[in-house]
Every structure is written in structure tokens, then in C-alpha cells.
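1. sequence unknown, structure follows:
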């Protein structure tokens, strides 16, 4: 690592959200922190922050430097400037003892590491790394652009992203020509929040993507096709079973829609703002509540087994006429099921 490719930055932490890259502990707000800043090939400065003591423990990872080369040094308090001068001096004395063969080996190792890191980043830009999470959502505005074709992504249209810290969004059709290796559609974050039609479309595209990548690798994908088809059928059966049987782990919620952005899982139409909507809500293993909203009329076309309207969460918060309407629908459902 050389000083031409790496800058050292000193500043007081603006918040308590950053973590030390050495010890992984939080860096307290307003405490002095040091960073190694390098230019990322993806087009931005990448700074790795450290506690002061952890920074100087990096040893061979540090470039040769003096306090005058530390960006932000002049903005520090006098006591912190003095502290840094002492630590730089001590580090310099230790590094001087290691000159010669050890220093040459270290430089060669650092250069090799830099090349390896650069190669890894280039492969990430080329390949859609399998360890990254994939996100699906409807575009919140029309400001984002597709990372493949550079065209704008229309507001409220379905878009997909690789899970970099700086998320790269794609049109649905642009995403799947990438060399994407997804085990299943269920691994896509946000899948359960999509309209049923979009959810099925994604499952189909993931299935086709998995088959084509196996062909490129020269592997017979016949079993893969059977496996994907079987999984699609199983997923479809599960979803139908949930709608028909009102899974016991799910609770039913009633409320007035807070906005006009939610869609009915039955008919896929928008649910108007402030209109009464009902939902099945269950705990997702990934750590959040998974809620599927329905129009009132669409909800009661499902085979819902309700003991009473009073068992619906949020029932007491509704207007009296909506409470009466719900009670009537529950009674009618109970009678028809008998």
C-alpha cells in the first residue's frame, strides 16, 4: 500500500453509527477517529474508519506518512495533534527497524493484495456476486436509472437491485441477462410485498435464469427444470393453501389504509387511501411482520375461518358502521361454512 493510493484522514466522528474496521466496535460520536481513504473503482471514495489506538495497531497495512500528510490534521485540537505526532513518531521508529528484506516483502505483499482486491471488485462489477442480497421493490420515484441500460426507471414500476452499500437498480428485463445465480425467488428481499402477478413473474424468471446458467457451465439442466417446476408448484400450493385455510399462526388485522400505495393480494388492484382494508399478518423467519392486505370484499371471498369479529385486531378502532358491517360479514361467512 503506498501513500499515492491511500490517504489518511483524521476527524471527530459525526455520529455514533460508524464502526472500527479493526475491532468492529462502535466509534463514539465526537471522538477522534482515523481513516484509510482509497478511490473505489465504482466511482467514490471508500473510507475505512478506526479508533486511534486500533489504527496504529494496523502495522504493515499503514502507508509511510507524517502528520502533515494527514487530511484534517489542522482541524484537530492541540492536544489531539500532539497525541498524533507522538504516535506517528513511535510508529516510524518501529517501521525503520524493519527496512531491508522485510520491507521489500511487505511492499510486494501489499501490491499483491491491492491487485487481488482490484480484481475482486472488477469481478463484482462484471458478475453479480452470489453472496450479495437481491432486492425487489416498486420505484418510489422516477429519479433512479438502470445500471445496465442507463435509462430512467419509471415511478411505481418494479425494479431489482444488487445489495451493495451503494445500491445499483435495474429494470426487471435488464437484471436477468446478468450472470445472476439465485437459489430461489424466496431469497429475494421484498418478494412477499409484491403483487401476486409480479411475484409469479419473478419466480418464473429466476427459474429460467438458473437453467440458462447451468447450460453455460455445460451441465445438463433437466433435473434443474424438474426441481424448479416442482418448487413453483409447491409454492403455488402453499399460497393457495394459506388463502383457503387461514393458517393458524396468522392473525387478522383491520384498519383504514394510511395511503394509496398498498395493493390487494387477491385482485392486485390498489387499495384507496382511508378505505377499510383487512390483512393476514404473520411473523417472517427473516425477522419482521409479513402483512398481506385485501379489499374488504376480496377478503371474504377467501375461505376465512373467523370465530367472531371481536377477534380481529384493530376492530375496536373502527367506525361503528364499519364494525357492524364486519360483524354481519363474519356471521354470513360462519353460516355459509355450515
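-> Everything's here; your move. Quick caveat: nothing in here was measured; it's all calculated off a predicted structure.

2. next up, phi/psi of residue 9, please.
-> Dihedral angles phi and psi of residue 9 (degrees, to the nearest 10) take the values phi -120, psi 140.

3. how far away is it from residue 17?
-> Distance of residue 9 to residue 17, computed by CB to CB, to the nearest Å: 17 Å. Placement of C-beta: from N, CA and C, glycine included.

4. for residue 36, grab the count of nearby residues.
-> By other CB atoms under 10 Å, the residues close to residue 36 number 20.

5. residues contacting residue 198?
-> Residues in contact with residue 198 (CB atoms under 8 Å, 6 or more residues apart in numbering) are residue 158.

6. can you tell me the element it falls in?
-> Per DSSP states H and E, residue 198 falls inside helix 196-216.

7. looking at residue 9 and residue 17, which one has more neighbours?
-> residue 9 (17 against 9).

8. I figured the more buried one hits residue 37, correct?
-> Yes - in this structure residue 9 lies within contact range of residue 37 using CB atoms under 8 Å: 5.2 Å.

9. common neighbours of these two, please.
-> Common neighbours of residue 9 and residue 37 (CB under 8 Å, 6+ apart) are 47, 71.

10. how is the chain divided into domains?
-> Annotated domains of the chain cover 6-121, 134-244, 246-337 [automatic domain parsing].

11. straight-line length of stretch 118-135, end to end?
-> Start and end residues of stretch 118-135 are separated by 25 Å (CA to CA, to the nearest Å).

12. any idea of the mean pLDDT for it?
-> Taken as a whole, stretch 118-135 carries a mean pLDDT of 60.

13. before we move on, what SS does the residue nearest to residue 300 when sequence neighbours are not counted have?
-> Nearest non-adjacent residue to residue 300, counting by CB to CB, 6 or more residues apart in numbering: residue 329, 5.3 Å away. Three-state call for residue 329 (DSSP: H, G, I helix; E, B strand; the rest coil): helix.

14. hmm, residue 329 is touching residue 298, no?
-> No - contact criterion CB under 8 Å: residue 329 and residue 298 do not qualify, at 11.9 Å.

15. and the domains of the chain, which one averages the lowest pLDDT?
-> Ranked by mean pLDDT, the domains of the chain end with domain 134-244 in last place, scoring a mean of 73.

16. ok, which stretches of this protein are helices?
-> Secondary structure of the chain (DSSP state H): helices located at 52-56, 78-97, 101-127, 172-175, 196-216, 222-245, 296-299, 320-337.

17. residue 326 and residue 253: what is the separation?
-> In this view, residue 326 and residue 253 are 12 Å apart by CB to CB.

18. likewise residue 154?
-> Relative to residue 253, residue 154 is positioned 31 Å away (CB to CB).

19. out of these two, which sits in the busier spot?
-> For the pair residue 154 and residue 253, the greater number of neighbours falls to residue 253 (17 against 14), based on other CB under 10 Å.

20. mind listing what that one touches?
-> Residue 253 sits next to 278, 279, 281, 291, 312, 313, 314 when contact means CB under 8 Å, 6+ apart.

21. over to residue 38?
-> 5, 6, 7, 45, 46.

22. for residue 187, same thing?
-> Applying CB under 8 Å, 6+ apart to residue 187 gives the contacts 133, 134.

23. over to residue 314?
-> Residues in contact with residue 314 (CB under 8 Å, 6+ apart) are 253, 254, 255.

24. next, format these as JSON lines and append distance to residue 268.
-> JSON lines is the format used below for those (distance: CB to CB, whole Å):
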{"residue": "253", "distance to residue 268": "20"}
{"residue": "254", "distance to residue 268": "21"}
{"residue": "255", "distance to residue 268": "20"}
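
25. what about residue 318, neighbour count?
-> Number of residues near residue 318 (other CB under 10 Å) recorded here: 18.
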